[in-house]
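[1] quick one, structure for this:
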Amino acid sequence: MTIEEAERLLRKYYSEKTPVFQYLYEHSHAVAEYAVKIARQNTDKGPDINFIHTAALLHDIGIFMTHAPGIGCYGKFAYLAHGYLGRRLLEYEGYPGHALVCERHIGVGISKEEVISNNLPLPGYDMLPVSTEEEIVCYADKFFSKKPGMLKTPKDIVKIIKTLEKYGPGKADVFKGFMTKYGVLEE
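    The predicted structure is shown next:
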């Protein structure tokens, strides 16, 4: 997939005239740029940089199906579901690898046990990043918000860790593991 093809897919599902497109577009481009930088400083791990770029552009493509009025989404699903919904959409479009990035980027990944024990509105199976590319997009995504005015500014690492700690034991540790494995970008 080319960057242009990824851009066309975004425009297929989102009207450029809507607020959600602006949030999605800016957020996805910030994540993609950051993910590519991370990949380039980790060439020893053999990341597919083009795949990372295009997957990062599409990682949140499923948000329009969720209910998040603050960013212009008026769908029927919980926002947490945008990962697996994006997977379905990208599988339909013929991009199974990109689809897995959509599904596995939520938080730092969600296990089947977490879905079941927390009664999450998600399918009951593991949605954990497994490839280098999936991990890099997941890691880069944690640095960027979809909040207006904060779309392009990377979040502080301490704030990211504190936020992840709210979601249960081990979530911050997974993020710290990504930091150790892939490093931290100097801004």
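[2] so for stretch 164-178, what gets flagged as buried?
    Of all the residues in stretch 164-178, those buried under the rule 16 or more other Cβ atoms under 10 Å are 164, 171, 172, 174, 175, 178. (Each C-beta comes from the backbone N, C-alpha and C, glycine too.)
[3] mean confidence score for that stretch?
    Across stretch 164-178, pLDDT averages out at 90.
[4] run through who's touching it.
    107, 108, 109, 114, 135, 138, 139, 142, 160, 161, 162 (Cβ atoms under 8 Å, 6 or more residues apart in numbering).
[5] which strands or helices does the longest helix along the chain pack on?
    For the chain, the helix reaching the highest residue count under DSSP state H is reported as helix 19-40. Applying 3 or more Cβ pairs under 8 Å, 6 or more residues apart in numbering; DSSP states H and E, we find helix 19-40 packed against helix 3-13, helix 49-58, helix 132-141.
[6] okay, now residue 2: neighbour count?
    10 (other Cβ atoms under 10 Å).
[7] in contact with the residue nearest to it when sequence neighbours are not counted, which residues?
    Distances taken as Cβ to Cβ, 6 or more residues apart in numbering place residue 54 nearest to residue 2, at 7.2 Å, with adjacent residues excluded. Residue 54 is in contact with 1, 2, 3, 5, 6, 32, 98, counting by Cβ under 8 Å, 6+ apart.
[8] could I get those in CSV, plus columns for distance to residue 88?
    Formatted as CSV, the contacts of residue 54 follow (distance: Cβ to Cβ, whole Å):
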residue, distance to residue 88
1, 17
2, 22
3, 23
5, 19
6, 17
32, 22
98, 12
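[9] okay, and for the protein, where does confidence drop off?
    186-187 (pLDDT under 70).
[10] so residue 76 touches residue 67, yeah?
    Yes - the pair residue 76 / residue 67 is scored as a contact, 6.5 Å apart, by Cβ atoms under 8 Å.
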